[in-house]
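In: Need coordinates for the below:
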Amino acid sequence: MSTRIAFLKGHGTENDFVIVPDPENALVLGPAAVAALCDRRAGIGGDGVLHVVRSAAHPEAASMAAEAEWFMDYRNGDGSVAEMCGNGVRVFAHYLQHAGHVGEGDLAIATRAGVKTVHIAKDGDITVGMGRARLPEGEVTVSVGEHSWPARNVNMGNPHAVAFVDDLAHAGDLYTAPPVGPAAAYPDGVNVEFVVDRGPRHVAMRVHERGSGETRSCGTGACAVAVAAARRDGADPAVTGTPVTYTVDLPGGRLVISERPDGEIEMTGPAVIVAEGEIDGNWLENAAG
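Out: Below is the predicted model:
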């Protein structure tokens, strides 16, 4: 491992990430190394790591290289691999622009949930095509303490359980994952969203992200919440032919989620680079065990 490793720190609506540029996939970032980087006391601190790799250089993304030059090799804060991170895609795209790899306009980014289309606007907001939501059948229940709520099972390339509550405080501290049943509905764990109404097509949420705990924002979670709210409200663009848009407030900011008649979901919000520096390679090697 090289002595010094470049990194940046960025966030999207305060969902924060350690960005590690590694175009040729030369670094080995195992679970322990990722967890060490994301440690908020002994490391840099973040909800996850955005490992920036050219698609052609990564075995999981090589098949997507013809469509997307860059692969977002995303890891949760505990080191586990995640299929997709909506806020992470925006920050990833902003990094590519910051580094001079892309300009304003449209680009494609490879993820474990497929190739995502991204638009970088002149005002800095970034819109991500998040794909279509899947709504698996079956009843799901979310619990906190002695309270339980029915939840909507929504898959955005990663799994979500969306529960509508009267007060966001009902979610508790969210330090640990709220119990969700039946367990068979989410064999690989689940992101859990608690949602309240703020006005017409306007909601607020808190989220426990699988592998990260409560985060200030979750892009795929906001998309799942918007879809669940739309169906609850009787809105389905595939049926009506009319797009539907929800404003979603999160502890770290605001996202705007639109669902088109073809099922494509678009998420628009900010992305920020706050710092860049170098990681001590020897420290990271020792931290990784």
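In: Report how many residues lie close to the closest residue in space to residue 260 that isn't next to it in sequence.
Out: Ranked by Cβ to Cβ, 6 or more residues apart in numbering and with sequence neighbours excluded, the top spatial neighbour of residue 260 is residue 243, at 5.1 Å. To be clear about C-beta, it is placed using only N, CA and C from the backbone, and glycine gets the same treatment. Neighbour count for residue 243, taken as other Cβ atoms under 10 Å: 14.
In: next one: residue 191
Out: 26.
In: beta partners for it?
Out: residue 160 (DSSP bridges).
In: Compute the distance between it and residue 222, please.
Out: Using Cβ to Cβ, to the nearest Å, residue 191 is found at 11 Å from residue 222.
In: Going along the chain, name the strands of the stretch 1-150 of the chain.
Out: Ranges of strands within the stretch 1-150 of the chain are 4-12, 15-21, 48-54, 70-76, 105-111, 114-120, 126-132, 140-144, 147-155, based on DSSP state E, counting those that start in this stretch.
In: Just put those in a markdown table and tack on mean neighbour count and mean pLDDT.
Out: Listed next are the strands of the stretch 1-150 of the chain as a markdown table, based on neighbours: other Cβ atoms under 10 Å; pLDDT from 0 to 100:
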| stretch | mean neighbour count | mean pLDDT |
| --- | --- | --- |
| strand 4-12 | 20 | 97 |
| strand 15-21 | 25 | 97 |
| strand 48-54 | 23 | 98 |
| strand 70-76 | 25 | 96 |
| strand 105-111 | 19 | 97 |
| strand 114-120 | 18 | 96 |
| strand 126-132 | 22 | 95 |
| strand 140-144 | 19 | 97 |
| strand 147-155 | 19 | 97 |
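In: Could you point out which of those strands sits nearest residue 231?
Out: Of all the strands of the stretch 1-150 of the chain, strand 147-155 sits nearest to residue 231, with 7.1 Å by Cβ to Cβ.
In: Now do that closest one: which elements does it pack against?
Out: Counting contacts by 3 or more Cβ pairs under 8 Å, 6 or more residues apart in numbering; DSSP states H and E, strand 147-155 packs against strand 140-144, strand 159-164, helix 219-232.
In: so which of those gets nearest residue 63?
Out: Closest of the helices and strands packed on strand 147-155 to residue 63 is helix 219-232, at 22.2 Å (criterion: Cβ to Cβ).
In: If we go by neighbour counts, what in the following helix or strand past that closest one is buried?
Out: With elements assigned by DSSP states H and E, the helix or strand that comes after helix 219-232 is helix 237-240. Neighbour-count burial for helix 237-240 flags residue 237 (criterion: 16 or more other Cβ atoms under 10 Å).
In: So what are the sheet partners of the following helix or strand past helix 237-240 and their directions?
Out: Once helix 237-240 ends, the next helix or strand along the chain (criterion: DSSP H and E) is strand 244-250. Applying DSSP bridges, strand 244-250 is found paired with strand 202-209 (parallel), strand 253-259 (antiparallel).
In: now what about strand 244-250, what contacts it?
Out: 13-14, 198, 201-207, 216-218, 222, 225-226, 229-230, 235, 237, 254-259 (Cβ atoms under 8 Å, 6 or more residues apart in numbering).
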